[in-house]
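A.B. asks: have a look; sequence and predicted model below, questions after that.
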Number of protein chains: 2
Amino acid sequence: MKYSKIPEATIRRLSRYSRCLEEMEQAGEEVVSSAQLATRCMVNAAQVRKDLAYFGEFGIRGVGYYVKDLHNDIKKILGSNKEWRMALIGIGNLGSALLSYKDFLKQNYKIVAAFDIDPPKVIGRVSEKLGKPVEVLHINHLKEVARERRIEIGLITTPPSEAQVVANLLVEAGVRGLLNFAPTQIVVPEGFMAKDVFFTTILDNLAYLLSNP
Amino acid sequence: MKYSKIPEATIRRLSRYSRCLEEMEQAGEEVVSSAQLATRCMVNAAQVRKDLAYFGEFGIRGVGYYVKDLHNDIKKILGSNKEWRMALIGIGNLGSALLSYKDFLKQNYKIVAAFDIDPPKVIGRVSEKLGKPVEVLHINHLKEVARERRIEIGLITTPPSEAQVVANLLVEAGVRGLLNFAPTQIVVPEGFMAKDVFFTTILDNLAYLLSNP
DNA sequence: TTCAATTTGTGACCCCTTTCACAAAGGATG
DNA sequence: CATCCTTTGTGAAAGGGGTCACAAATTGAA
């Protein structure tokens, strides 16, 4: 298949396939058909095949896909076969919550630094949970620490008014991936990637659906 | 314009417009054109007008839209002009995080109950943050408490293996809106609404974008 | 070896969303 | 009141993603 721009929806589904395949692998299943995987992920079987076709041929006609191989291939496509090192900026309600309970993240995503601008928070504030605690540093040190600790993704949990400022700092520090939890649009230059996670938007969406049956 | 099924993307954008309009309202701006709003929300101007056209005519030709009025209209459309009462089920890492984070939610979304199945967690475990602490109750009381406290939305933060079980309980308790944080698909009957929030998926998405520049 | 059964990969079609472009409508000015 | 300017609302066109249906490939059995 000729390569073209890959739909974002395809990437999201690959992530789902990956999760299902992981379960299947652990369950000892060796081969899976597009139809089986589709049922499990609640999508169309042709969709599964087409999604995969963007990246190559992974199946065997008349047989299906080898679970383990396909899982590895998808992880390689997604880039989720490596460890991603992340920094969290903004130790307010959400920030400290995420930091304290950071172990909810998948194995390959690690928060290895935390920053804030407010001195009182910075002094001696550490997460008390399992695993290594992450000390909260002053935002001034972002640039140097980002390089030292090879940060690749920044989690922005500041108030909305500061989100763009922090985004700029991250960009300047060479952090190419930004996950923005602050309910405001941020802009990043070419080559940098910003994704939004707005609970507000999702809740509004749900509220709309409930209000309009 | 004739009414038809409204795209989900439209609803998401309305949520964005609403946020921008709120800022504008606070800034004292009285009138806004579709072009201005579009720039601010980083979408196409025709898109703004078409999104609004699904629900009626809100503007004045040659003038634009009255900020305050449009904001109210959109809130009415989204159903975000009322208070939504929510329950959180599953007090693990993420659950406790969200419970602490709850004051960060918009005014009109309130967590008014929390549940878990694990007795040790249930005994005296409360969030220590500002505002009224929410006591964690045993999941057995979900049905009665949901009715008492008029719960309309359930936040599922259990391990994936329990997500569907909890979803069923919520459905049985008449909770029509479900927000699922557990990385697994859940199914709900006609008339109920389930939305997923998978950090994993969003991070995978970002990882993909970073891996494939 | 041949034939039947199975399942992939993909071209073609369809539907939905977005963008374009313009007529219609309101406001301002003289 | 007439004219000009601005901006909305919307039909039409374009673009993209999803589904269908089938040829190609593989396996297994006769």
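C.D. replies: Everything's here; your move. Quantities reported herein were computed from a predicted structural model and do not represent experimental measurements.
A.B. asks: every contact and neighbour count from this point should use C-alpha atoms.
C.D. replies: OK.
A.B. asks: can I get the lengthiest helix in chain A in PDB, CA atoms only?
C.D. replies: The single longest helix within chain A, with elements called by DSSP state H, is helix A:8-26. What follows is helix A:8-26, C-alpha atoms only, in PDB (Å, rounded to 0.1, in the frame of the first residue of the first chain):
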ATOM      1  CA  GLU A   8      -4.900  10.000  14.000                       C
ATOM      2  CA  ALA A   9      -7.800   7.600  14.500                       C
ATOM      3  CA  THR A  10      -5.600   4.800  13.100                       C
ATOM      4  CA  ILE A  11      -2.900   5.500  15.700                       C
ATOM      5  CA  ARG A  12      -5.500   5.500  18.500                       C
ATOM      6  CA  ARG A  13      -6.800   2.100  17.300                       C
ATOM      7  CA  LEU A  14      -3.200   0.700  17.100                       C
ATOM      8  CA  SER A  15      -2.900   1.600  20.800                       C
ATOM      9  CA  ARG A  16      -6.000  -0.400  21.400                       C
ATOM     10  CA  TYR A  17      -4.900  -3.400  19.300                       C
ATOM     11  CA  SER A  18      -1.700  -3.300  21.300                       C
ATOM     12  CA  ARG A  19      -3.500  -3.600  24.600                       C
ATOM     13  CA  CYS A  20      -5.600  -6.500  23.400                       C
ATOM     14  CA  LEU A  21      -2.600  -8.300  21.900                       C
ATOM     15  CA  GLU A  22      -0.800  -7.900  25.200                       C
ATOM     16  CA  GLU A  23      -3.700  -9.600  27.000                       C
ATOM     17  CA  MET A  24      -3.800 -12.400  24.300                       C
ATOM     18  CA  GLU A  25      -0.100 -12.900  24.600                       C
ATOM     19  CA  GLN A  26      -0.400 -13.300  28.300                       C
END
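A.B. asks: does DNA strand C sit close to the strand or helix carrying A:Leu203?
C.D. replies: Using DSSP states H and E, the element containing A:Leu203 is helix A:199-211. No - interface with DNA strand C: helix A:199-211 contributes nothing (CA under 7 Å from any atom of the strand), its closest point being 14.0 Å away.
A.B. asks: tell me how far that helix is from the chain's mean position?
C.D. replies: Remark: helix A:199-211 is offset 22 Å from the chain centroid, using CA atoms, centre = their mean, to the nearest Å.
A.B. asks: one step back: so how far is the longest helix of chain A from its chain's centroid?
C.D. replies: Using CA atoms, centre = their mean, the offset of helix A:8-26 from its chain centre is 14 Å.
A.B. asks: what's in contact with that helix?
C.D. replies: With contact meaning CA atoms under 8 Å, 6 or more residues apart in numbering or on different chains, helix A:8-26 is reached by A:30, A:37, A:40-41, A:51, A:67-68, A:70-71, A:74-75, A:78, B:201-202, B:204-205, B:208.
A.B. asks: packing partners of whatever helix or strand comes next after that helix?
C.D. replies: Using DSSP H and E, the next helix or strand after helix A:8-26 towards the C-terminus is strand A:31-32. Judged by 3 or more CA pairs under 8 Å, 6 or more residues apart in numbering or on different chains; DSSP states H and E, strand A:31-32 is in contact with strand A:65-66.
A.B. asks: and the contacts of the strand it packs on?
C.D. replies: The set of residues external to strand A:65-66 that reach it, using CA under 8 Å, 6+ apart, is A:30-34, A:58-59.
A.B. asks: same for the biggest strand by length in chain A, what does it pack against?
C.D. replies: Counting residues, the longest strand found in chain A (DSSP state E) is strand A:109-116. Where contact means 3+ CA pairs under 8 Å, 6+ apart, strand A:109-116 is packed against strand A:84-89, strand A:136-138.
A.B. asks: tell me the strands beside the last one, with direction?
C.D. replies: Based on DSSP bridges, the pairing partners of strand A:136-138 within the sheet are strand A:109-116 (parallel).
A.B. asks: reformat the contacts of strand A:65-66 as CSV; add neighbour count.
C.D. replies: CSV is the format used below for these (neighbours: other CA atoms under 10 Å in any protein chain shown):
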residue, neighbour count
A:Glu30, 14
A:Val31, 17
A:Val32, 19
A:Ser33, 19
A:Ser34, 19
A:Phe58, 16
A:Gly59, 20
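A.B. asks: can you put these in TSV and add pLDDT?
C.D. replies: As requested, the contacts of strand A:65-66 are arranged in TSV below (pLDDT from 0 to 100):
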residue	pLDDT
A:Glu30	96
A:Val31	97
A:Val32	98
A:Ser33	98
A:Ser34	98
A:Phe58	97
A:Gly59	95
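A.B. asks: of these, list those near DNA strand C.
C.D. replies: Within the contacts of strand A:65-66, those near DNA strand C by CA under 7 Å from any atom of the strand are A:32-34, A:58-59.
A.B. asks: wait, is A:Ile91 part of a strand?
C.D. replies: No - in this structure, A:Ile91 is coil, not part of a strand, as judged by DSSP: H, G, I helix; E, B strand; the rest coil.
A.B. asks: from memory it sits against A:Ala113, does it?
C.D. replies: No - with contact defined as CA atoms under 8 Å, A:Ile91 does not count as touching A:Ala113 (11.5 Å).
A.B. asks: burial measure for the one residue in chain A that gets nearest to DNA strand D, as a count.
C.D. replies: Using CA to the nearest atom of the strand, the closest approach of chain A to DNA strand D is made by A:Pro7 at 3.5 Å. By the criterion of other CA atoms under 10 Å in any protein chain shown, A:Pro7 has 10 neighbours.
A.B. asks: A:Lys82 now?
C.D. replies: Count around A:Lys82 with other CA under 10 Å applied: 13.
A.B. asks: that one and A:Lys110 touch, don't they?
C.D. replies: No - counting by CA under 8 Å, A:Lys82 stays clear of A:Lys110, with 11.0 Å between them.
A.B. asks: with distance to A:Ala87 as extra columns, can I get the contacts of strand A:65-66 in a markdown table?
C.D. replies: Formatted as a markdown table, these follow (distance: CA to CA, whole Å):
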| residue | distance to A:Ala87 |
| --- | --- |
| A:Glu30 | 37 |
| A:Val31 | 38 |
| A:Val32 | 38 |
| A:Ser33 | 39 |
| A:Ser34 | 38 |
| A:Phe58 | 35 |
| A:Gly59 | 38 |
